[in-house]
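> can you look at this prediction? I've put the sequence above it.
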Amino acid sequence: NNKKIQIAIDGPASSGKSTVAKLIAKKFAYIYCDTGAMYRAVTLNAINNQIDLDNEQSIVDLLQHTVIDFKTIPGGQQVFLNGKNVTETIRNEEITNSVSAVAAIKDVRSNLVKKQQKIANNGGIVMDGRDIGTTVLPNAQVKIYLVASVLERAKRRLKDNQNMGINISLDQLEKEISNRDYKDSHRKISPLRMAKDAIKIDTSSMSVEQVVNKISTIIDQKL
Ligand code: CDP
Ligand code: CDP
């Protein structure tokens, strides 16, 4: 099938969006775009430039001198900030706990949303984030909203952290996840919300493979 559609995958922190989106992109030979990585790169840039995260104007000004690039590699994506590979750095705890504040800034969002729409313009794309189905790609042919309990998501993060040798308690991770969910769903500009025409999948007791199979079936019906 030659039809190249847009697939939007949204949901709260650690619901499995990027894991599932990458596998779907691979399966259908589509491009994968992690929009969270853009907000993370902007946050890293602000921190690198010692800008106070309350200083919205300076963050927006800095954006004019910021180049964020993606390189699609087998099984994922690399992120470059002003030419430097920051794929790993943007996942660190400091960025993770600061990014929601930066993502709440109106002009940061409008700037990044434009970039995202350009990337998705020709279809054949799997894009994950918080506002893809509601704001970035309102006409996406497939919209998925992934959810899982806070405890389950914290357990997943714990496991990911342990694999990277990072030690944060389950309790602390639950707090951080709830905190980020709250900020992301209560901000003024395009808060985390399920699009009316999205399909919700509760992955709490599903394996990655089960989720991928379920979404693949939904996509096949549209192709
Ligand atoms: O992967 P994880 O769920 O930890 O987060 P992410 O997808 O990398 O997104 C990091 C943060 O960026 C989120 O907590 C949101 O504050 C923000 N974000 C957003 O506002 N809109 C998007 N489309 C994607 C991310
Ligand atoms: O992108 P997002 O923050 O939504 O989540 P992620 O970075 O993909 O992390 C989700 C983690 O949970 C990964 O370690 C997955 O292997 C795991 N997982 C999942 O994504 N889906 C399931 N149904 C079960 C586990």
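Nice, I can see it. Numbering: from 1, shown residues only. Ligands and ions are numbered 1, 2, ... in the order given.
> can you tell me which helix or strand the closest residue to residue 24 other than its chain neighbours belongs to?
Counting by C-beta to C-beta, 6 or more residues apart in numbering, residue 126 is the residue found nearest to residue 24 once chain neighbours are left out, at 5.1 Å. Quick note: C-beta positions are derived from backbone N, CA and C, even for glycine. Element membership of residue 126 [criterion: DSSP states H and E] is strand 125-129.
> residue 73 pairs with what?
Beta bridges link residue 73 to residue 76, judged by DSSP bridges.
> would you mind measuring from it to residue 143?
Distance from residue 73 to residue 143, counting by C-beta to C-beta, to the nearest Å: 26 Å.
> pick out whichever of these two has more residues nearby.
The neighbour count for residue 73 versus residue 143, taken as other C-beta atoms under 10 Å, is higher for residue 143 (24 against 10).
> assumed that one was part of a strand.
Yes - Residue 143: assigned to a strand according to DSSP: H, G, I helix; E, B strand; the rest coil.
> wouldn't it be in contact with residue 135 here?
No - here residue 143 lies out of contact with residue 135, judged by C-beta atoms under 8 Å, at a distance of 11.7 Å.
> in the protein, where is pLDDT below threshold?
In the predicted model of the chain, residues 1, 75 satisfy pLDDT under 70.
> can you list the residues of it near ligand 1?
Within reach of ligand 1 by C-beta under 6 Å from any ligand atom, the chain has these residues: 13-14, 18, 35-36, 39-40, 99-100, 103, 129-131, 180, 184.
> who wins on neighbours among those residues?
Most neighbours among the residues of the chain next to ligand 1, by other C-beta under 10 Å: residue 129, with 30 neighbours.
> residue contacts, the closest residue to that one other than its chain neighbours?
Spatial nearest neighbour of residue 129, excluding adjacent residues (C-beta to C-beta, 6+ apart): residue 35 at 3.6 Å. Residue 35 sits next to 112, 116, 127-130, 132, 136 when contact means C-beta atoms under 8 Å, 6 or more residues apart in numbering.
> pull the most distant pair out of those residues.
The widest separation within those, taken as C-beta to C-beta, falls between 112 and 128 and amounts to 13.7 Å.
> and the two? Which one has more around it.
Between residue 112 and residue 128, residue 128 has the larger neighbour count (other C-beta under 10 Å), namely 28 against 20.
> partner residues bridging that one?
Counting by DSSP bridges, the residues bridging with residue 128 are residue 9, residue 34.
> does it touch residue 23 like I think?
No - between residue 128 and residue 23 there is no contact under C-beta under 8 Å: 11.6 Å.
> on that earlier part again, among the residues of the chain next to ligand 1, which ones are in strands?
In this view, the residues of the chain next to ligand 1 that belong to strands under DSSP state E are residue 129.
> of all the residues of the chain next to ligand 1, which comes closest to residue 85?
The nearest member of these to residue 85, counting by C-beta to C-beta, is residue 40 at 13.5 Å.
> from residue 132, how far out is residue 211?
Residue 211 is 17 Å from residue 132, where distance means C-beta to C-beta.
> do the same with residue 67
For residue 67 relative to residue 132 (C-beta to C-beta), the value is 22 Å.
> can you check residue 26 too?
Plainly put, residue 26 is 19 Å away from residue 132 if you go by C-beta to C-beta.
> how about the residues of this structure near ligand 2?
Contact residues (C-beta under 6 Å from any ligand atom) of the chain with ligand 2: 11, 13-19, 156, 160, 203, 206-208, 211.
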